[in-house]
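Chemist: Model the structure of this input:
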Amino acid sequence: MEYSIEAEGLSKIYVRGREKIHALTDIGLSIARGDFCSIVGPSGSGKTTLLNLIGCLDAPTSGRLKIKGVDVTGLPENKMVRLRRNYMGFVFQQFFLIPTLTVYENIELPLLFSKKKAARSKIESILKMVGLEDRARHLPSQLSGGEMQRAAIGRALVNEPEIIFADEPTGNLDSTTGRGIFHLFQEMNREGITVVVITHNRELADMTNSLIHLLDGRISEHDNKDNREADSSNGPVDEPFAIIKTENLSKTYRSGKREVKVIENLSFNAKKGECVLIRGPSGSGKTTLLNLLGALARPSEGRVYIYEKEISRFPDYLLTPFRREKIGFIFQQFNLISGYTAAQNVMLPLIPLGIREKEREQRAWEVLLRLGLEDRFDFCVSELSGGELQRVAIARALINKPGIILADEPTSNIDEDNAKEVIKILKQLKDEGKTIVIASHDPLIHEWELVDRSYNLGKRET
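Modeler: Modelled structure (predicted):
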């Protein structure tokens, strides 16, 4: 395994007059490249001291430290500066933004001290990633706490670091904004950046892949998510948790001065490998509910959870990557681009991920082959039948390998034979463990033993 950080026998002693304070004692740790690691522990346990040592902001009293396999112990300060500048980014609890500079200028600031040059497009891409593209010309005094922290994260990213260190980055934020910041760290980590973060919030720490627990300057626990999940699995076996869950969900639209309540106080759930059908007459809110579950619309009241994460409170800049990774959508109208081929339509969700063209084509070929459309790979969608169009739409929904499929009237615009083929595909996906929610009034869906449970809007059926 390749490691970003390795420490052996790391200790730090501070001298106060005649008193020696042992802040850290004999720390040994390895943080893998591409890991998302949290450091937790009570106040005074040595969390910040440890972060300063492995982040090369301070020198240990004894022990050795390797960064990317290279021993950096005892490097002179000028080389440490270059190491930090070239490989590391830092995010602090206090933000440390320059009050007289705009968000754009604060993010750009590290480049003034670096040989790296960044095009305007790069800064704009970072602004978009941290959800501040519409705040680029604002001063820090015009931002909320969460926005200031995102600006600080953008500044940490501008030199394209391989490691991000964050010291209590949510300490000055409310719980919802704090979760949003951790979701942003998760997104950065998925891009291959090693993230090491100090937090006193165990709920947020559980969002990371590995955890180091400090107590009295020593490591009392160092494990990964798989071990934590295995430990928890030794207890009583619970009912499988809901992949999708809502609590008291309501959606109200305004029509002039009149309020129209489409969904009211709905509690809904769907578990792994389940197919749940949403039924009801036209205008009953089936599509609205599906849009709320897929975070294509926000509820007026209540909450939506996906994989136990409350997405109804996610900021917009986090919802897009979350949907892209977790959810595949099948729409009644197919929503294919008419001038594109079947393969190009299927590949569309991969383009924002920066996946190379050759890999995009390979993945499109594999999913179209699975759906019996390999001979339609280069056909323009205008040359396809209705059933083929729907299968292309399904292929597009599957290209990112989501765990959840949301389908809105997937059989309503095709004939019965093609409808049966679509239902057969959905059943195969369910058998593979996908969670499927369908909004439909088609009796064929029930006849094929696809549905485990159904919801009538206003009345639940089991």
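
Chemist: for the record, mean pLDDT for stretch 91-103?
Modeler: Per-region confidence: stretch 91-103 scores 87 on mean pLDDT.

Chemist: and that stretch, how far apart are its ends?
Modeler: Criterion Cα to Cα, to the nearest Å; first-to-last residue distance in stretch 91-103 is 15 Å.

Chemist: And it, what's buried?
Modeler: For stretch 91-103, a neighbour-count test (16 or more other Cβ atoms under 10 Å) marks 91-93, 95, 97, 102-103 as buried. (Glycine included, C-beta is placed from N, CA and C.)

Chemist: Tell me which residues are up against that stretch.
Modeler: Residues outside stretch 91-103 that contact it (Cβ atoms under 8 Å, 6 or more residues apart in numbering): 105-106, 109, 127, 132, 135-141, 143, 148-149, 151-156, 164-169, 171-172.

Chemist: okay, the residue nearest to Gly280 when sequence neighbours are not counted: pLDDT?
Modeler: Among residues not flanking Gly280 along the chain, Leu457 sits closest, at 4.0 Å (Cβ to Cβ, 6 or more residues apart in numbering). With respect to pLDDT, Leu457 scores 80.

Chemist: got it, and Lys116?
Modeler: Each residue has a pLDDT score; the one for Lys116 is 62.

Chemist: One more: Ile351?
Modeler: pLDDT recorded at Ile351 is 81.

Chemist: Who are the contact partners of it?
Modeler: Contacts of Ile351 (Cβ under 8 Å, 6+ apart): Arg360.

Chemist: how much space between it and Ser282?
Modeler: Separation of Ile351 from Ser282 (Cβ to Cβ, to the nearest Å): 35 Å.

Chemist: what does Glu374 give?
Modeler: 37 Å.

Chemist: Please say which of these two ends up with more neighbours.
Modeler: Glu374 (14 against 7; other Cβ atoms under 10 Å).

Chemist: Can you name the residues that contact that one?
Modeler: 365, 368.

Chemist: And this protein, what are its domain boundaries?
Modeler: If you go by automatic domain parsing, the domain ranges for the chain are 3-233, 242-461.

Chemist: What are the boundaries of the strands in the stretch 201-350 of the chain?
Modeler: All strands of the stretch 201-350 of the chain, identified by DSSP state E, counting those that start in this stretch, fall at 210-215, 218-224, 242-255, 258-266, 269-271, 275-279, 301-306, 309-310, 327-330.

Chemist: Quick one: list the elements packing against the fifth one.
Modeler: So the one you mean is strand 269-271. Strand 269-271 sits against strand 242-255, strand 435-439, with contacts defined as 3 or more Cβ pairs under 8 Å, 6 or more residues apart in numbering; DSSP states H and E.

Chemist: Need the mean per-residue confidence for it.
Modeler: So the average pLDDT for strand 269-271 ends up being 89.

Chemist: That strand - which strands sit beside it in the sheet, and in what orientation?
Modeler: Strands that pair with strand 269-271, judged by DSSP bridges, come out as strand 242-255 (antiparallel).

Chemist: by how many degrees do the partner strand and strand 435-439 diverge?
Modeler: Using axes from the mean of the first three to the mean of the last three Cα atoms, to 10 degrees, the direction of strand 242-255 lies 30 degrees away from that of strand 435-439.

Chemist: Report the buried residues of strand 242-255.
Modeler: 242-247, 249-251.

Chemist: Next: stretch 66-73.
Modeler: Those buried within stretch 66-73 under the rule 16+ other Cβ under 10 Å are 66-68.

Chemist: from the residues you listed, which is closest to Gly339?
Modeler: Using Cβ to Cβ, Lys68 comes nearest to Gly339 of those, at 46.4 Å.

Chemist: Pull the contacting residues for that closest one.
Modeler: 3-4, 33, 87, 162 are the contacts of Lys68 under Cβ under 8 Å, 6+ apart.

Chemist: Same question for Ile399.
Modeler: Residues in contact with Ile399 (Cβ under 8 Å, 6+ apart) are 346-347, 349-350, 363-364, 367.

Chemist: follow-up on the earlier one: so which of the helices and strands packed on strand 269-271 gets nearest Cys37?
Modeler: When the helices and strands packed on strand 269-271 are compared by Cβ to Cβ, strand 242-255 sits nearest Cys37, at 26.6 Å.

Chemist: Now do that closest one: everything it contacts.
Modeler: Strand 242-255 is contacted by residues 259-272, 274, 285, 288-289, 292-293, 297, 299-308, 403-404, 435, 437 when judged by Cβ under 8 Å, 6+ apart.

Chemist: what about burial for these, which qualify?
Modeler: Of these, these count as buried by 16+ other Cβ under 10 Å: 262-264, 266, 268-271, 274, 285, 288-289, 292-293, 297, 299-300, 302, 304-307, 403-404, 435, 437.

Chemist: rewinding a little: tell me which of the contacts of Lys68 is nearest to Glu187?
Modeler: Distance to Glu187, by Cβ to Cβ, is smallest for Glu162 among the contacts of Lys68, at 16.1 Å.

Chemist: I'd like the distance between that closest one and Pro169.
Modeler: For Glu162, the distance to Pro169 - Cβ to Cβ - is 18 Å.

Chemist: likewise Glu388?
Modeler: Relative to Pro169, Glu388 is positioned 49 Å away (Cβ to Cβ).

Chemist: Compare neighbour counts for those two and give me the winner.
Modeler: Set Glu388 next to Pro169 and count neighbours by other Cβ under 10 Å: Pro169 wins out with 27 against 21.

Chemist: any low-confidence regions in the stretch 1-150 of the chain?
Modeler: By pLDDT under 70, the low-scoring segments of the stretch 1-150 of the chain are 114-119.

Chemist: what ranges do the helices span in it?
Modeler: Under the criterion DSSP state H, counting those that start in this stretch, the stretch 1-150 of the chain contains helices at 47-54, 77-87, 103-108, 120-129, 145-157.

Chemist: Now render the ones you listed as JSON lines, adding distance to Ile13.
Modeler: Shown next, in JSON lines, are the helices of the stretch 1-150 of the chain (distance: least, Cβ to Cβ, whole Å):
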{"stretch": "helix 47-54", "distance to Ile13": "10"}
{"stretch": "helix 77-87", "distance to Ile13": "20"}
{"stretch": "helix 103-108", "distance to Ile13": "36"}
{"stretch": "helix 120-129", "distance to Ile13": "39"}
{"stretch": "helix 145-157", "distance to Ile13": "30"}
